[in-house]
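Undergrad: for reference, the sequence and a predicted model appear below.
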Amino acid sequence: MSQIIKSVHTSPIKAIVVGFFFVIAVGSLLLSLPSASKNGLATGFVNSIFMATSATCVSGIVIADTFAKWSMFGQIVILFLIQIGGLGLVTFVVLFGVHANKKFSVENIKIVKEATGFGGVVDVSTIIKLIVGVSLSIELCGACLLLIRFIPDFGVGMGIYTAVFSAISAFCNAGFDVLPHSSESPVSLLGYNSDPLVLPIFSLLIILGGLGFVVWSDVFFNRKQRTWMVHTKVVLFTSVFLLVCGTIAILAFEWNNEKTLKGLPFFYKLNAAFFQAATLRSAGFFSLNPADFSKSTKLIAICLMFIGGAPGSTSGGIKVTTLAVLWRTVACFVCGQQEITISNRRIPKQLVYRAISTFVTTFLLIITAATVAYSATRGKTTNSVDIIFESVATVCTVGLSVGACEIAYVGPIIKLLFGLFMFIGRIGTVPLMLAFFRKKTEKRVVLPDAQLIVG
């Protein structure tokens, strides 16, 4: 036991994993209470674990509609899990330490930087104050703007509550909503395609949450520097590129789809398509039912979900920087360049190895999830695209569903496995492998080149 405690204390990733497990355990216990459900009955242990995992990992996959299933107490528990999972457990722990004037050890500083994505010499208290201050400010602004629509729709009390919950869930890329409705199935934002206010606000919150804390710091607080960091440039350029291409692709493939965009005027088509391009990156909200998408749109959605947002953000996926490194690796190799460069800077080989490892391990995890999803739908008529869609949405913590694998009706083993996939997807495949399988010492031995034919 002492060796385990020492291992956790000296490994940032292990400490983060243990912290997430603790939050999920507490959330599971609270959600299993009878007072957490609207019907006053206790929720099963497996369902409670699944929901706590989905909220903490900001996935958005649900066993039942959040508004219809959970009481006000249960919804608030889910909201706190979303906020803790979105900003990171480490953020809140260190925040309390900062206010208590506690000093942090070198190991604790490493944990903070690993959890937030910051590198170099940065003051811990500055990191935490930046993350919490900017996050809460953005969520507050988003909630105030949503009040304009939600108070007339739902009344003062319910309108304020819905706006606050929605702003936090959108910024944290969680996909949970508590919009009042009479249906027992999730409806998300299906009724707001013709609304010029709600979808743009949700889109902006999702995008800001997916940029990452490092980008905020560089753009808003490092004004003394004449240029942005390469990381910031890559994140912003790739994010804009994916949003534009995603919007155009959804417009092209859904323009005449009677179940999605066909009946909408041009501005509303553009509004809905842009929102889907934003939410497909990690958020899990929807104003168009993903089950009604054409196969071409589903394939575009799979790609966007797989890529995700930026490192150190509230989003999932392999991250836009991984995509950029892989693209530059291929481009430089094809052009015959000896060094892999981006924005006139050399990319270290270790970074290339990490990008390749992230892509491959995430891809393998999705294949595993697809196998589990297929076993859960055996006997039903389900095409392979839908199975892959569900698997990518789970591993990349997006939370959208096309109905191929109805999580509410699968067995407990399948639910626990899907919860594990969400957990691994939130922490990251490569960080977990480095924390639990990497050898402490590396032998400095020069080996002869392998004679191997590739390609």
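TA: That came in fine, so what should we check first?

Undergrad: strands of the protein, residue ranges please.
TA: Taking DSSP state E, the strands of the chain run over residues 341-342, 345-346.

Undergrad: show me which positions of stretch 243-252 end up buried.
TA: By 16 or more other Cβ atoms under 10 Å, the buried positions in stretch 243-252 come out as 243, 246, 247, 249, 250, 251. Every residue, glycine included, has its C-beta placed from N, CA and C.

Undergrad: how about residues contacting it?
TA: Applying Cβ atoms under 8 Å, 6 or more residues apart in numbering, the contact partners of stretch 243-252 are 207, 261, 269-270, 273-274, 276-278, 280-281, 296-297, 300, 304.

Undergrad: rerun at 10 Å
TA: Residues outside stretch 243-252 that contact it (Cβ atoms under 10 Å, 6 or more residues apart in numbering) are 203, 207, 257, 260-261, 266, 269-278, 280-281, 288, 293-294, 296-297, 299-301, 303-304, 307.

Undergrad: C-alpha coordinates for that stretch, CSV please?
TA: Output in CSV follows, covering the C-alpha atoms of stretch 243-252 (Å, rounded to 0.1, in the frame of the first residue of the first chain):
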residue,chain,number,x,y,z
LEU,A,243,-15.3,24.8,-38.3
VAL,A,244,-15.4,26.2,-41.8
CYS,A,245,-14.9,22.9,-43.6
GLY,A,246,-17.4,21.2,-41.2
THR,A,247,-20.0,23.8,-41.8
ILE,A,248,-19.7,23.7,-45.6
ALA,A,249,-19.8,19.8,-45.6
ILE,A,250,-22.9,19.7,-43.4
LEU,A,251,-24.6,22.3,-45.6
ALA,A,252,-23.7,20.4,-48.8
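
Undergrad: chain center to it, what's the gap?
TA: Put simply, stretch 243-252 sits 21 Å off its chain's centre (Cα atoms, centre = their mean, to the nearest Å).

Undergrad: so for that stretch, mean pLDDT?
TA: For stretch 243-252, the mean per-residue pLDDT is 95.

Undergrad: quick one on the thing from earlier: hey, which of the strands of the chain is tucked in deepest?
TA: strand 341-342 (a mean of 16; mean count of other Cβ atoms under 10 Å).

Undergrad: quick one on the thing from earlier: can you flag which of the buried residues of stretch 243-252 belong to helices?
TA: 243, 246, 247, 249, 250, 251 (DSSP state H).

Undergrad: pLDDT value on the nearest residue to residue 147 once chain neighbours are set aside, please?
TA: Spatial nearest neighbour of residue 147, excluding adjacent residues (Cβ to Cβ, 6 or more residues apart in numbering): residue 163 at 4.9 Å. The model reports residue 163 with a pLDDT of 95.

Undergrad: oh, and call the first residue 48 from now on, that's how I've got it
TA: Understood, numbering begins at 48; the last thing we discussed is residue 210.

Undergrad: any idea what residue 84 is bridged to?
TA: Residue 84 forms beta bridges with residue 117, as assigned by DSSP bridges.

Undergrad: just list the residues touching it, thanks.
TA: Contact analysis of residue 84 by Cβ under 10 Å, 6+ apart lists 78, 90, 111, 116, 117, 118, 120, 121.

Undergrad: neighbour-wise, which of those residues leads?
TA: Scoring the contacts of residue 84 on neighbours with other Cβ atoms under 10 Å, the highest-scoring entry is residue 78 at 26 neighbours.

Undergrad: right, and that one touches residue 126 too?
TA: No - look at residue 78 against residue 126 with Cβ atoms under 10 Å: they stay out of range, at 12.0 Å.

Undergrad: mutual contacts of these two, please.
TA: residue 102.

Undergrad: longest helix in this structure, by number of residues?
TA: Max-length helix for the chain by DSSP H is helix 171-201.

Undergrad: buried residues in it?
TA: Quick answer for helix 171-201 (16+ other Cβ under 10 Å): 171-172, 174-175, 177-179, 181-182, 185-186, 188-190, 192-194, 196-198, 201.

Undergrad: re earlier: okay, the strands of the chain in a markdown table with distance to residue 492 next?
TA: Output for those, formatted as a markdown table (distance: least, Cβ to Cβ, whole Å):
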| stretch | distance to residue 492 |
| --- | --- |
| strand 388-389 | 30 |
| strand 392-393 | 26 |
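
Undergrad: among those, which is nearest residue 275?
TA: The closest of these to residue 275 is strand 392-393. By Cβ to Cβ, the value is 12.3 Å.

Undergrad: what about that closest one, distance to the chain center?
TA: 29 Å.

Undergrad: cool, stretch 325-345 as well?
TA: In terms of Cα atoms, centre = their mean, the centre of stretch 325-345 is set 15 Å apart from its chain centre.

Undergrad: what about it, how long is it end to end?
TA: Distance between the two ends of stretch 325-345: 15 Å, counting by Cα to Cα, to the nearest Å.

Undergrad: so for stretch 220-228, what's the average pLDDT?
TA: For stretch 220-228, mean pLDDT rounds to 87.

Undergrad: would you check that residue 93 makes contact with residue 454?
TA: No - counting by Cβ under 10 Å, residue 93 sits too far from residue 454 to count as a contact (11.1 Å).

Undergrad: what is in contact with those two at once?
TA: With Cβ under 10 Å, 6+ apart, residue 93 and residue 454 have common neighbours 110, 461, 462, 466.

Undergrad: ok, now which ones touch the second one?
TA: It stands for residue 461. By Cβ under 10 Å, 6+ apart, the residues touching residue 461 are 93, 97, 419, 420, 422, 423, 424, 452, 454.

Undergrad: list buried residues within the residues you listed.
TA: By neighbour count, with 16+ other Cβ under 10 Å, those hold 93, 97, 419, 420, 423, 424, 452, 454 as buried.

Undergrad: next one: the third one from residue 365, what distance?
TA: Taking Cβ to Cβ, to the nearest Å as the criterion, residue 419 is separated from residue 365 by 20 Å.

Undergrad: just to revisit the earlier point, residue 132: which of the shared contacts of residue 93 and residue 454 is nearest?
TA: Using Cβ to Cβ, residue 466 comes nearest to residue 132 of these, at 13.1 Å.

Undergrad: re earlier: what is the neighbour count of the residue nearest to residue 194?
TA: 22.

Undergrad: then residue 69?
TA: Residue 69 has 12 neighbouring residues, counting by other Cβ under 10 Å.

Undergrad: what distance do you get for it to residue 99?
TA: Counting by Cβ to Cβ - residue 69 and residue 99 are separated by 11 Å.

Undergrad: likewise for residue 406?
TA: From residue 406 across to residue 99, the span is 29 Å (Cβ to Cβ).

Undergrad: go on, residue 481?
TA: 26 Å.

Undergrad: cool, and residue 317?
TA: From residue 317 to residue 99 the distance is 37 Å (Cβ to Cβ).
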